[in-house]
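Q: the following block contains a protein sequence and its predicted model.
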Amino acid sequence: QQQVKQSPQSLIVQKGGISIINCAYENTAFDYFPWYQQFPGKGPALLIAIRPDVSEKKEGRFTISFNKSAKQFSLHIMDSQPGDSATYFCAALAGGTSYGKLTFGQGTILTVHP
Amino acid sequence: DAGVTQSPTHLIKTRGQQVTLRCSPISGHKSVSWYQQVLGQGPQFIFQYYEKEERGRGNFPDRFSARQFPNYSSELNVNALLLGDSALYLCASRTSAGSYNEQFFGPGTRLTVL
């Protein structure tokens, strides 16, 4: 049962361009939405996260946009660099008694050409 | 500082066999979670342990079991291996069982079932 849908599956961007990855969720109990970056041979690493009480969060070149009514959120990578080439996962978590269970999207393979 | 460590790095088993995967959390972290990441998909939650007790379980059969030791390290056991168990098994640790605490992932154990 896929509760978080992520698109696109793969993305190719030129250096300096903007990378945009979208996610949609179904479970209205979700109240924490992190994005993870995974390089080959490594585990996922937290990139940036947002709570539904704000519509946008920015950290450096990375921005999360959140639309609670549409149950959608997206990651924007500004001035994309070849070093950003990795697999990106959105995730969602329901607080309270969820014991921190993360529900991940399918992942987006980002390739940034120099 | 050492991150989450997992052993072995790679493992090849045949159908019907049993396997044990090991995880050492970051020093001071008392909670460990296990995730299964099938190639091309996002990680799926298997278990969460806190203070040696199971706090959460994902939608996995009883062939999957785990435990946490007094030093907070953890083992994941899978019995009667199936071809579909081939995946990257990720361990994540965090300071406590609080849902929103950041989870730090290890590099994973790549299990191949032939």
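A: It's in.
Q: for the rest of this, base every contact and every neighbour count on C-alpha atoms.
A: Noted.
Q: need the pLDDT of A:Gln2.
A: The per-residue pLDDT reported for A:Gln2 equals 57.
Q: in which helix or strand does the closest residue to B:His10 other than its chain neighbours reside?
A: Of all residues not flanking B:His10 in the chain, B:Arg110 sits nearest, at 4.7 Å (CA to CA, 6 or more residues apart in numbering or on different chains). Secondary structure assignment for B:Arg110, by DSSP states H and E: strand B:109-113.
Q: name the residues that touch that strand?
A: Residues from elsewhere that reach strand B:109-113 (CA atoms under 8 Å, 6 or more residues apart in numbering or on different chains): B:6-15, B:21, B:81-90.
Q: in strands only, show me those.
A: Judged by DSSP state E, the contacts of strand B:109-113 include B:Gln6, B:Ser7, B:His10, B:Leu11, B:Ile12, B:Lys13, B:Leu21, B:Ala87, B:Leu88, B:Tyr89, B:Leu90 as members of strands.
Q: circling back to that earlier point, for ChimeraX, write a command that selects the buried ones of the contacts of strand B:109-113.
A: Listed next is the ChimeraX selection for buried residues among the contacts of strand B:109-113, using 16 or more other CA atoms under 10 Å in any protein chain shown:
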select /B:6,7,9,13,21,81,82,85,86,87,88,89,90
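Q: circling back: CA atoms of the strand holding B:Arg110 as CSV?
A: The C-alpha coordinates for strand B:109-113 follow below in CSV (Å, rounded to 0.1, in the frame of the first residue of the first chain):
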residue,chain,number,x,y,z
THR,B,109,23.6,-4.7,4.4
ARG,B,110,23.0,-5.9,0.8
LEU,B,111,21.3,-9.3,1.0
THR,B,112,21.1,-11.4,-2.1
VAL,B,113,19.0,-14.6,-2.0
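Q: what lines up beside that strand in the sheet?
A: strand B:10-13 (parallel), strand B:87-94 (antiparallel) (DSSP bridges).
Q: which helix or strand contains the spatially most central residue of chain B?
A: The residue lying closest to the centre of chain B (CA atoms, centre = their mean) is B:Trp34, at 3.1 Å. Element membership of B:Trp34 [criterion: DSSP H and E] is strand B:31-37.
Q: returning to what we had before: how much space separates the residue nearest to the centre of chain B from chain A?
A: 10 Å (CA to the nearest CA, to the nearest Å).
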